[in-house]
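Enquirer: Here you go, sequence then predicted model.
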Amino acid sequence: MNGILRWIAACMLAGLCQTVAIGAQPASGSAAALYSQHCAACHGPDRLGGMGPALLPESLERLRSAELATVLREGRAATQMPGFAGQLGDTELNDLAAWLRTGPANSPQWAAADIRASHVVYHAADSLPARPTFNADPANLFLVVEAGSHHISVLDGDRLEPIHRFRTRFALHGGPKFSQDGRYVFMASRDGWVSKYDLWNLTFTAEIRVGLNTRNVAVSDDGKWVLAGNTLPQTLVLLRADDLSLVRIIDVRGRDGQASRVSAVYDAAPRHSFIAALKDIAEVWEIPYAGAGADAVSELKRIALDDVLDDFYFDQSYAHILGASRDGGGQVVDLTQGRKVADLALSGMPHLGSGITWVRDGHEVMASPNLKQGNISVIDMQSWRTVATVATNGPGFFLRSHENTPYAWADAMMSPKRDTLQLIDKQTLAVVGSVTPSPGHTAAHVEFTRDGRYALVSLMERDGAIVVYDACTLREVKRIPMDKPIGKYNVFNKTTRSSGTSH
Ligand code: DHE
């Protein structure tokens, strides 16, 4: 059976095997009846997913209203989702779209039995050849997440050409996470599927559904554990990395018992622990895994904060968290001391999660874009003072660089100048250049080849592209068509935790 067939079979199997923990939706209104008639066979009578993804408000939150209406009307190209324009009128389609945005009467459950029942192993651990099946540097591969049609393209970073493209689960978000040797990739879909992919053999090896709405996953530095963070149910789910089997579920509750959604989980490799950021309670959790057996999470350490941290940056040693609080201020938390050690002078809405560091005048500095203001804050990593605020074209999402390039690349994707990336000299902090790959089209999210020679930029539309620039001359070298390439990830830069990219 080829990969796609196996994947479809697994989806069907998982859909059939899942224990339905809540009752079917009552067909009380016409939209509910339309759902039962047209959608339930693929998306499940309970809306928890089956052959198609879950259709709960939480799993649809990344789909804009217009996009949802278009999918219902026209279907999704290259998937099993048909368009219903021929069968349903505009009013029915609008009612259905509105109904899908409302939650079921009973909160859906997803317990250990559901997780275990969803588990599929396509290839036992280490049963496939331990060498790449293609002729390219496995450490200079890029994974490009094409959100438009839920695919990943694998690019050879030397020849700058795709070598493979495969379908993923619905709505991957955030970076796929690599094992230290770069062979395995772990990815999470919004509707709760965690997939393990063997990049050397170009095939999925295992999948499991850990929740109904999942934020992201982290893989431990020792390659033994995967931790997933959910918002529905409000849990952390620990898996064995070899076959993705369930180890344990942790209910996310603060000291006072209040439940919380998980904002994101990260591997703090130098500390041999996972860090979990929580959305609803002012705590950060550290979960050590060094030398741990199945009780990997027994020593969970809670760090109490003044405020909820929704977005934050780790320094390169993972000794500190730099976090932005909701009022626009910021704080530095020392993870070893378990307390706040400094305030940060920040304004607007800094996107610290997209921060990067480099050395300037003998000092390590960290720079972060801002989602509300056209500027980049540059912070000294010893004194925690803001040493400069660099004016840019407008509010942006990502900032990227590489050890071998003198520039940091900033987008302005939240502004009218969303088609232009500006280059900031990392020493003078002056804006020294810009590129506009396609006027009027959103240009953002840069990732460099492992040697820093080329910068790969996303044109984020459905008929988008990866545009490759020579990082020195800023000459466009190549354009590779892609379907809404929201992110790209270079194996070497990620596994070596380059200071110019996120980890
Ligand atoms: Fe993201 C990473 C959260 C909206 C593109 N985004 C992340 C991560 C989190 C996050 C927690 C880190 C996870 C990881 O890498 O393991 N993003 C959120 C949100 O809460 C928010 C605001 C709304 C949401 O529903 O998720 C959001 N993000 C967006 C977008 O609108 C972006 C620009 C485009 C899109 O998704 O259509 C977007 N987010 C990205 C990308 C990464 C990411 C490309 C990975 C960055 C990297 O290079 O590592």
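Expert: That came through, no problem.

Enquirer: Now the residue of the stretch 351-500 of the chain found nearest the ligand: closest residue in space that isn't a chain neighbour?
Expert: At 3.0 Å from the ligand, Gly487 is the closest residue in the stretch 351-500 of the chain, using Cβ to the nearest ligand atom. In short, each C-beta sits where N, CA and C put it, glycine included. Nearest residue to Gly487, sequence neighbours excluded (Cβ to Cβ, 6 or more residues apart in numbering): Val145, at 4.8 Å.

Enquirer: Contacts made by the helix or strand hosting that neighbour with the rest, please.
Expert: Using DSSP states H and E, Val145 sits in strand 141-146. For strand 141-146, contacts defined as Cβ atoms under 8 Å, 6 or more residues apart in numbering pick out 152-157, 163, 165, 168, 172, 176, 182, 185, 199, 447, 456, 466, 482-491.

Enquirer: That strand close to the ligand?
Expert: No - Strand 141-146 does not reach the ligand (Cβ under 6 Å from any ligand atom); its nearest approach is 7.1 Å.

Enquirer: Show the contacting residues for the closest residue to Leu305 other than its chain neighbours.
Expert: The spatial neighbour of Leu305 that comes closest, neighbours along the chain excluded (Cβ to Cβ, 6+ apart), is Ala282 at 4.4 Å. Counting by Cβ under 8 Å, 6+ apart, Ala282 makes contact with Gly254, Ala304, Leu305, Asp306, Asp307, Val308, Leu309.

Enquirer: near the ligand, which residues of this structure?
Expert: 61-62, 147, 173-175, 215-216, 264, 353, 397, 445, 486-487, 502.

Enquirer: Can you list the low-confidence ranges for the stretch 201-350 of the chain?
Expert: 292-298, 325-328 (pLDDT under 70).

Enquirer: quick one: the closest residue to the ligand within the stretch 151-300 of the chain from Ser354, how far?
Expert: Using Cβ to the nearest ligand atom, Gly174 is the residue of the stretch 151-300 of the chain that sits closest to the ligand, at 2.7 Å. Taking Cβ to Cβ, to the nearest Å as the measure, Gly174 falls 12 Å from Ser354.

Enquirer: and these two? which has more neighbours close in?
Expert: Remark: of Gly174 and Ser354, Ser354 carries more neighbours, 23 against 18, as counted by other Cβ atoms under 10 Å.

Enquirer: does that one really touch Ser502, like I thought?
Expert: Yes - using Cβ atoms under 8 Å, Ser354 makes contact with Ser502 at a distance of 6.5 Å.

Enquirer: The stretch 351-500 of the chain: strands as residue ranges?
Expert: For the stretch 351-500 of the chain, applying DSSP state E, counting those that start in this stretch gives strands covering 356-360, 363-368, 375-380, 386-391, 399-400, 407-410, 421-425, 431-435, 443-448, 454-459, 464-470, 476-482, 485-490.

Enquirer: want to try JSON lines for the ones you listed, with mean pLDDT as columns?
Expert: Formatted as JSON lines, the strands of the stretch 351-500 of the chain follow (pLDDT from 0 to 100):
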{"stretch": "strand 356-360", "mean pLDDT": "97"}
{"stretch": "strand 363-368", "mean pLDDT": "95"}
{"stretch": "strand 375-380", "mean pLDDT": "96"}
{"stretch": "strand 386-391", "mean pLDDT": "96"}
{"stretch": "strand 399-400", "mean pLDDT": "98"}
{"stretch": "strand 407-410", "mean pLDDT": "98"}
{"stretch": "strand 421-425", "mean pLDDT": "98"}
{"stretch": "strand 431-435", "mean pLDDT": "98"}
{"stretch": "strand 443-448", "mean pLDDT": "98"}
{"stretch": "strand 454-459", "mean pLDDT": "98"}
{"stretch": "strand 464-470", "mean pLDDT": "98"}
{"stretch": "strand 476-482", "mean pLDDT": "98"}
{"stretch": "strand 485-490", "mean pLDDT": "97"}
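
Enquirer: Kindly reformat those as TSV containing distance to Thr235 and mean neighbour count.
Expert: Formatted as TSV, those follow (distance: least, Cβ to Cβ, whole Å; neighbours: other Cβ atoms under 10 Å):
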stretch	distance to Thr235	mean neighbour count
strand 356-360	31	18
strand 363-368	30	20
strand 375-380	34	22
strand 386-391	37	16
strand 399-400	32	26
strand 407-410	36	27
strand 421-425	38	23
strand 431-435	43	15
strand 443-448	30	26
strand 454-459	32	25
strand 464-470	35	22
strand 476-482	34	17
strand 485-490	25	22
